[in-house]
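1. After the sequence you'll find the predicted model.
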Amino acid sequence: MTELSPRLLIVGPPGAGKGTQATAIAESFGIPAISTGDIFRANVKNETELGLKVKAIMDAGDYVPDSLTNELISDRLGQADAEAGFLLDGYPRTLHQVEFLDSYLEGKGEKLNAVVQLVADRDEIVERLRKRALDQGRSDDTEEAIRHRQDVYLRETAPLIDTYRDRGLLIEVDGLGTIGEVASRIDTALTDRGFRPVASAS
Ligand code: AMP
């Protein structure tokens, strides 16, 4: 009856260009890209009540408690611009958040309808990030630290990816290549699934 509204997630390892691709998808499909990390950072910067609560947690590199994160996401998804679809980046990150999102959407008679996974070889990403760290003189970004973040991502995200794969929602996209190449793979994959890009301005 109605056109398929894109209610999407994007997942991918640190360094795979997830944020850049999230912005590109959002633009192509006319939906907001919602990054919980960005929203938390903005709250910290503006010293809001939420920001003051989460600053120390974020500084320590820990997860913000599910209660706060879930509240934030339901507020954000309740805003008018997310009515016709959205792309979440950085959420859900725990199985509890997966359940919360399911029941939140179910309450509105909606469902998630695809999860884009950027897939990239771990060694290639490490090499890419190591080069960038050298170029930018980021000495804290040692190869060991980079590998550690990749391992944490794999460990924490694997159960979520399995859940979405079991539901038939996962779209695996090769994340290696130029920004444009990866973006066009994602566009094609989403279009094949029935999502319609908004008309381009040109
Ligand atoms: P990110 O930019 O996605 O890596 O997020 C930066 C920080 O925000 C994380 O290290 C967490 O402290 C917090 N954060 C972002 N998203 C979540 C989430 N879904 N659950 C818990 N904490 C989160």
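-> In hand now; what should we look at?

2. Can you show me the helices along this protein?
-> Using DSSP state H, the helices of the chain run over residues 18-29, 36-45, 49-59, 66-77, 95-107, 122-135, 143-166, 179-192.

3. Up against the ligand, what does the protein have?
-> 36-37, 40, 57-58, 61-64, 69, 90-93, 97 (CB under 6 Å from any ligand atom). In this view, the C-beta of every residue, glycine as well, is placed from N, C-alpha and C.

4. still on that earlier bit, for V173, find the nearest of the helices of the chain.
-> helix 179-192 (5.0 Å; CB to CB).

5. Point out the other elements, helices or strands, that the closest one touches.
-> Judged by 3 or more CB pairs under 8 Å, 6 or more residues apart in numbering; DSSP states H and E, helix 179-192 is in contact with helix 18-29, strand 114-119, strand 170-174.

6. how does it look with 10 Å?
-> strand 7-11, helix 18-29, strand 114-119, strand 170-174 (3 or more CB pairs under 10 Å, 6 or more residues apart in numbering; DSSP states H and E).

7. Give me whichever of those is most buried.
-> Among those, judged by mean count of other CB atoms under 10 Å, the one packed with the most neighbours on average is strand 7-11 (a mean of 24).

8. Each with direction, which strands does that strand pair with?
-> strand 86-89 (parallel), strand 114-119 (parallel) (DSSP bridges).

9. Contacts for the first one, please.
-> Read that as strand 86-89. 5-12, 18-19, 21-23, 25-26, 29, 31-38, 73, 76-77, 79, 82, 97, 101, 112, 114-116 (CB atoms under 10 Å, 6 or more residues apart in numbering).

10. re the thing from before, and which of the residues of the chain next to the ligand is nearest the ligand?
-> Within these, proximity to the ligand (CB to the nearest ligand atom) peaks at G37, which comes in at 2.3 Å.

11. tally of neighbours for that closest one?
-> Using other CB atoms under 10 Å, G37 has 14 other residues around it.

12. Of the helices of the chain, which stretch is the most buried?
-> helix 18-29 (a mean of 19).

13. Test my guess that Q79 contacts P32.
-> Yes. In this structure Q79 lies within contact range of P32 using CB atoms under 10 Å: 8.2 Å.

14. The two - which one has more neighbours?
-> Ranked by neighbour count (other CB under 10 Å), Q79 and P32 place P32 first, with 16 against 11.

15. Distance check, the nearest residue to the more buried one once chain neighbours are set aside against the ligand.
-> The shortest distance from P32 to any non-neighbouring residue, by CB to CB, 6 or more residues apart in numbering, is to D81 (5.0 Å). In this structure, D81 and the ligand are 20 Å apart, going by CB to the nearest ligand atom, to the nearest Å.
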